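Asks: Okay, predicted coordinates and the sequence, questions at the end:
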There are 2 protein chains.
Amino acid sequence: MPENKPQTSRVLDLGRLKTACSSCSLRELCLPVGLSNEDLARIDGLVLVRRSLARGDHLFRAGDSFQSLYAVRSGFLKTKLLLEDGREQVTGFQMAGELIGLDGIGTERHTCDAVALEDSEICVIPFGRLEQLSREVTQLQQHLHKVMSREIVREHGVMMLLGSMRAEERLAAFLLNLAQRLAARGYSASEFNLRMTREELGSYLGLKLETVSRVFSRFQEEGLIAVQQKYIQIKDPESLRGAVGGEAC
Amino acid sequence: MPENKPQTSRVLDLGRLKTACSSCSLRELCLPVGLSNEDLARIDGLVLVRRSLARGDHLFRAGDSFQSLYAVRSGFLKTKLLLEDGREQVTGFQMAGELIGLDGIGTERHTCDAVALEDSEICVIPFGRLEQLSREVTQLQQHLHKVMSREIVREHGVMMLLGSMRAEERLAAFLLNLAQRLAARGYSASEFNLRMTREELGSYLGLKLETVSRVFSRFQEEGLIAVQQKYIQIKDPESLRGAVGGEAC
DNA sequence: CGCCAACTTGATGGCTGTCAAGTCAGGTGG
DNA sequence: CCACCTGACTTGACAGCCATCAAGTTGGCG
């Protein structure tokens, strides 16, 4: 199993691919959100490189020097922390339009691993250029700050999940969050294929894979969802919301 | 108990107090880190207002409109999330030189509560001005990004804690982290007074207050620490590090 | 067709939560 | 100054949720 291929991921010339941000179908989800056409033109030179990852490839590893942020163009990734003793904590799952690599800014080294859970296309955003442009383009600066802030808020939510919720609540909250993110990308919110294993999902939720499996089964018995391996149908979103103890207030 | 005083916190005129960032004793810990004297002078006008909080006062609440970041000048705060059903998750403890309020940037509303755990002095940093200045002062821009990134990394660590560690590991990691932050501020790393209750600490660590108490007692029996209510002495930091299952790798 | 990773399900155990009682420390009022 | 009161903390007994261990099933892929 080629767990750790050397960087064979192809580096693509974007000029040929005509994939400037201004013409990207994800621009309403990704960094360029809210930019005027004029400003959009200014950031078109930002992404000069794209990388293709095969399932299982690393985008970066903890300890790698930090140069760029990465925007998911297509595919699905996870970020994870490793402890010396082998324990692993998944810190997030990223899909199209979401940014990866913010962890590296602080120390100029990445602090986690990013791994593709399916074949993925990644836009490479050199961070120095991004900082330079965001000094010139106020909207871009503000949006970058918002993206970082939202990542902080997302992690607050995960802390709530891990610190205060029971297994059923955690999984229900996760499914609803995933459904909502899929819907924002034009996919069905009521049926989808999970891209991660039960073990990866459990790691994210602070549960063991058997517990994840059992809760899936329980939700299915109760008619909240239908489960066939990775294929999930949400049958009763309202009750699923009820299964999450309390919303934020 | 005046849980929710109207904003009686005094607003101080900084001109009178001569507390510009350039002459602040915390400038090596706070936002101005790494600025040249020249740049430092440029941000001296950033903090025009300070607020004094009494123990128990809120700095802001979830839902409040976001205008400013806050730097702790002295004192000790917590941030927390509330669920409708009353469950509470402490998301962080902040001490001198640390920033509060990054959660509000994304939605322009605060998403958590910030509460003083002891009488505190807070520098108010209007975020619009900070963004403006950071467009002009590259070092400031870079440092702001680093601060936000480090907050993301800190939260990754908490996720690891909550998702993968057992009660003893969580408490040991917390004590070591607290000791290290105190040391960075010139305080003793081997003895200190906790500013939070067992319940608040437990909430942060995903434990009940009784469990926190029991683990303290166990550590004391093993000679790792000495506990007298909130007064903690770290007797054997090496073994305490050993009690944290694995370091990051 | 066979192999293997991923998943499901059952039995059991342990860590931590829950409930309860008691101790301690600090602050207030007599 | 001391008694009292209250919130914070400690400690014990017990219970429950989830982890662990184990066995079997499913589905994808070579």
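Replies: Happy to help now that I have it.
Asks: Please count neighbours and contacts with C-alpha atoms only from this point.
Replies: Fine.
Asks: Can I get stretch A:56-70 as PDB, trimmed to CA atoms?
Replies: Extracted as PDB, the C-alpha positions of stretch A:56-70 are listed here (Å, rounded to 0.1, in the frame of the first residue of the first chain):
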ATOM      1  CA  GLY A  56      -4.400   8.500   0.500                       C
ATOM      2  CA  ASP A  57      -1.900  11.100  -0.700                       C
ATOM      3  CA  HIS A  58      -0.700  13.700   1.800                       C
ATOM      4  CA  LEU A  59      -1.100  17.300   0.900                       C
ATOM      5  CA  PHE A  60       1.300  18.200   3.700                       C
ATOM      6  CA  ARG A  61       2.600  16.700   6.900                       C
ATOM      7  CA  ALA A  62       3.200  18.000  10.400                       C
ATOM      8  CA  GLY A  63       6.600  19.600  10.400                       C
ATOM      9  CA  ASP A  64       6.600  20.600   6.700                       C
ATOM     10  CA  SER A  65       7.500  24.200   6.100                       C
ATOM     11  CA  PHE A  66       4.500  26.400   5.500                       C
ATOM     12  CA  GLN A  67       4.400  28.300   2.200                       C
ATOM     13  CA  SER A  68       0.800  28.200   1.000                       C
ATOM     14  CA  LEU A  69      -2.800  27.800   1.900                       C
ATOM     15  CA  TYR A  70      -4.700  25.200  -0.100                       C
END
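Asks: got the buried residues for it?
Replies: Taking 16 or more other Cα atoms under 10 Å in any protein chain shown as the basis for neighbour counts, the residues of stretch A:56-70 that come out buried are A:56-62, A:66-70.
Asks: pLDDT wise, what is A:Y70 at?
Replies: If you check A:Y70, the pLDDT there is 98.
Asks: Test my guess that it contacts A:G101.
Replies: Yes - look at A:Y70 against A:G101 with Cα atoms under 8 Å: they come within range, at 6.3 Å.
Asks: Check whether the spatially closest residue to A:L26 that is not a sequence neighbour sits in a helix, strand or coil.
Replies: Closest residue to A:L26 apart from its sequence neighbours, by Cα to Cα, 6 or more residues apart in numbering or on different chains: A:G97 at 5.9 Å. For A:G97, the reduced secondary structure class is coil; criterion used: DSSP: H, G, I helix; E, B strand; the rest coil.
Asks: on that earlier part again, please produce a markdown table containing the buried residues of stretch A:56-70, extended by secondary structure.
Replies: Supplementary listing: the buried residues of stretch A:56-70 in a markdown table, determined by three-state DSSP:
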| residue | secondary structure |
| --- | --- |
| A:G56 | coil |
| A:D57 | coil |
| A:H58 | strand |
| A:L59 | strand |
| A:F60 | strand |
| A:R61 | coil |
| A:A62 | coil |
| A:F66 | coil |
| A:Q67 | coil |
| A:S68 | strand |
| A:L69 | strand |
| A:Y70 | strand |
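Asks: Switch those residues over to CSV; also include distance to chain B.
Replies: Compiled in CSV, those are given as follows (distance: Cα to the nearest Cα, whole Å):
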residue, distance to chain B
A:G56, 20
A:D57, 19
A:H58, 16
A:L59, 17
A:F60, 14
A:R61, 10
A:A62, 8
A:F66, 12
A:Q67, 13
A:S68, 13
A:L69, 12
A:Y70, 15
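Asks: and which of those residues is nearest DNA strand D?
Replies: Distance from DNA strand D was checked for each of those by Cα to the nearest atom of the strand. The minimum falls on A:G56, at 13.3 Å.
Asks: what's the helix or strand for A:R73?
Replies: Here A:R73 is covered by strand A:68-74, with elements defined by DSSP states H and E.
Asks: now check the next helix or strand after that strand, is it near DNA strand C?
Replies: Reading on from strand A:68-74 to the C-terminus, the next helix or strand found by DSSP H and E is strand A:76-82. No - figure legend: strand A:76-82 not in contact with DNA strand C (Cα under 7 Å from any atom of the strand); closest approach 13.8 Å.
Asks: Spell out which parts of chain A neighbour DNA strand C.
Replies: Contacts of chain A with DNA strand C, taken as Cα under 7 Å from any atom of the strand, map to A:196-199, A:209-214, A:216-217, A:227-230.
Asks: Give me the subset of those residues lying in strands.
Replies: Filtering the residues of chain A next to DNA strand C for membership in strands, criterion DSSP state E, returns A:227-228.
Asks: Give the buried subset of the residues of chain A next to DNA strand C as a PyMOL selection command.
Replies: In PyMOL, a selection of the buried entries from these looks like this (16+ other Cα under 10 Å):
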select buried, chain A and resi 196+198+199+209+211+212+216+227
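Asks: most centrally placed residue in chain A?
Replies: A:Q94 (1.2 Å; Cα atoms, centre = their mean).
Asks: helices or strands next to the biggest helix by length in chain A in the packing?
Replies: The residue-count maximum for a helix in chain A (DSSP state H) belongs to helix A:138-164. For helix A:138-164, the contact count by 3 or more Cα pairs under 8 Å, 6 or more residues apart in numbering or on different chains; DSSP states H and E identifies helix A:127-136, helix A:167-184, strand B:88-95, helix B:127-136, helix B:138-164, helix B:198-205 as packing neighbours.
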